[in-house]
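In: Show me the folded form of this:
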Amino acid sequence: MIIKASTLSKQPASPAAETCKVLHLINGEHFSGAERVQDLLALAMPRFGYEVGFACVKPGKFPAVRRSRSCELFETRMKSKLDIWVAGRVADVFRKNDFRLIHAHTPRTLLIGRLAARKLKCPLVYHVHSPVGRDSERGLANRLNTMIESWSLAGVDKMICVSGSLAQYMRELGHDASRISVVSNGVAAIQNLPERSLPGKVWTIGTMALFRPRKGTEVLLEAISILKKKKINVLLRAVGPFESPEYEHEIMSRVKSLGIGGQIEWTGFQTNVDEQLRKMDVFVLPSLYGEGLPMVVLESMANAIPVVASRVEGIPEAVRDGVDGLIFQPSNAVDLAEKLESLIGDTQLWQSMGQNALERQRQELSDLSMAGGVARIYDELLGSPIS
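Out: Okay, the predicted model is just below:
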């Protein structure tokens, strides 16, 4: 089942309507795409009759930088990866605060959620943000997480996949199709969006991520080097932290060997996503694998910024090639450089793609369409809290 804004039968209610409480069980150490989904859902779900609370098993950046500060947050910290006893603390939080459903977001929290839900005899929902078996280059970790996820899914009432490709992936793993729904990610529409001027002589190519091997940063660096050799003036603005010091050293060594250090600005982790995006003329996501439906792509579209991204899993479901942006082959730096060159050489195309991206995001990929889709699934399990 694919749920889009245009097909939603459930409409937003007044924020003052009586709400039903649901507990989102999350890791919490990062504030990347999946965490932004959780934050936006917490802000939008009251419009559909649901109040979100959080239980964090690895509290870190999320509690500190989330926008949903009015929502309850409980630190149910795991002492180790094998600390399944935290499920008892989650169950206590659930009972004492009148929650009615658990919604897990990672294999780790799904395991804890299954144990807690079995004890509580409450509904359990699992949000599939990315293909766990293709999450990293650590094959053993991927297999272990897939095993944990598969075992835990036996106790799930509904799975929410953020893209059609993820739903297909879960079906191919043998999971019951009747329990799988697709609810596309969404972001809030930006009111009074500032007008964008045409790029100057030096185009700013932007990217934003938790930089790690599967994000394909090396491919983007190679493309920047190719453009430099063609004497096409670009500046790469790279926003986000590195997964590890070792990977940061590897990337910086690559930058040095390519001789493009003077064309890159590394900003580190930033919370002002829209402000950062507006400093970019084009947004590039060069992922190699492991994407669901990246929030940063939708946020770029919401800012009327054309997206150039790899043909990986859910990305082409958001970015229509040649309409909202351009799609290139994963791992192919030459193809990426050619796509960037074609856009840099055509400001009329740049303007039309930005406008198309903006309209598509507002019509089909909004925070309300996402929250409405999730609310319909809650309604199936709990009965609608809105009369």
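
In: domain assignment for this structure?
Out: 2-186+366-382, 203-364 (automatic domain parsing).

In: and of those, who's closest to Pro194?
Out: With CB to CB as the criterion, Pro194 lies closest to domain 203-364 of the domains of the chain, at 7.0 Å. Just so you know, the C-beta spots here come from the backbone N, C-alpha and C atoms, and that holds for glycine as well.

In: Can you measure across the closest one, start residue to end residue?
Out: 29 Å (CA to CA, to the nearest Å).

In: Now do the contacts for Glu338.
Out: Phe328 (CB atoms under 8 Å, 6 or more residues apart in numbering).

In: re earlier: rank the domains of the chain by pLDDT, which is bottom?
Out: Out of the domains of the chain, domain 2-186+366-382 stands lowest, with a mean of 88 (criterion: mean pLDDT).

In: wait, what's in contact with Ser70?
Out: Neighbours of Ser70 in contact, by CB under 8 Å, 6+ apart: none.

In: Name the helix or strand for it, please.
Out: In this assignment (DSSP states H and E), Ser70 forms part of neither any helix nor any strand.

In: And it, how close does it get to Phe54?
Out: 12 Å (CB to CB, to the nearest Å).

In: For Gly271, which non-adjacent residue is closest in space?
Out: Not Gly; residue 271 is Thr. For Thr271, ignoring the flanking residues on the chain, the nearest one in space by CB to CB, 6 or more residues apart in numbering is Val65 at 5.0 Å.

In: What's the separation between the one you found and Met78?
Out: Distance from Val65 to Met78, counting by CB to CB: 21 Å.

In: So which of the two has more stuff around it?
Out: More crowded of Val65 and Met78, by other CB atoms under 10 Å: Met78, with 19 against 13.

In: Run a quick check on that one versus Arg89, I expect a contact.
Out: No - counting by CB atoms under 8 Å, Met78 sits too far from Arg89 to count as a contact (9.6 Å).

In: contacting residues around Phe328?
Out: Phe328 neighbours (CB under 8 Å, 6+ apart): Val308, Ala309, Ser310, Arg311, Asp335, Leu336, Glu338, Lys339.

In: for Ala333, same thing?
Out: When contacts are counted by CB under 8 Å, 6+ apart, Ala333 touches Val219, Leu220, Glu222, Ala223, Ile226.

In: quick one: secondary structure of the residue of the chain positioned farthest from its centre?
Out: Relative to the centre of the chain, and counting by CA atoms, centre = their mean, the farthest-placed residue is Lys231 at 34.6 Å. Going by DSSP: H, G, I helix; E, B strand; the rest coil, the secondary structure assigned to Lys231 is coil.

In: what's the distance between it and Glu341?
Out: Look at Lys231 and Glu341: by CB to CB, they are 11 Å apart.

In: Quick check: buried residues in the lengthiest helix in the chain?
Out: Ranked by number of residues, the top helix in the chain under DSSP state H is helix 347-364. Under the neighbour-count criterion of 16 or more other CB atoms under 10 Å, helix 347-364 has Trp350, Met353, Gly354, Asn356, Ala357, Leu358, Arg360, Gln361, Arg362 buried.

In: for those, which one is nearest Gln38?
Out: Gln361 (19.3 Å).

In: That closest one contacts Val307, correct?
Out: No - applying CB under 8 Å, one finds Gln361 not in contact with Val307, separated by 10.5 Å.

In: Overlap of the contact sets of these two?
Out: Common neighbours of Gln361 and Val307, using CB under 8 Å, 6+ apart, are Met301.

In: Now do the strands in the stretch 251-387 of the chain.
Out: 264-268, 282-285, 307-310, 325-328 (DSSP state E, counting those that start in this stretch).

In: Cool, thanks, signing off.
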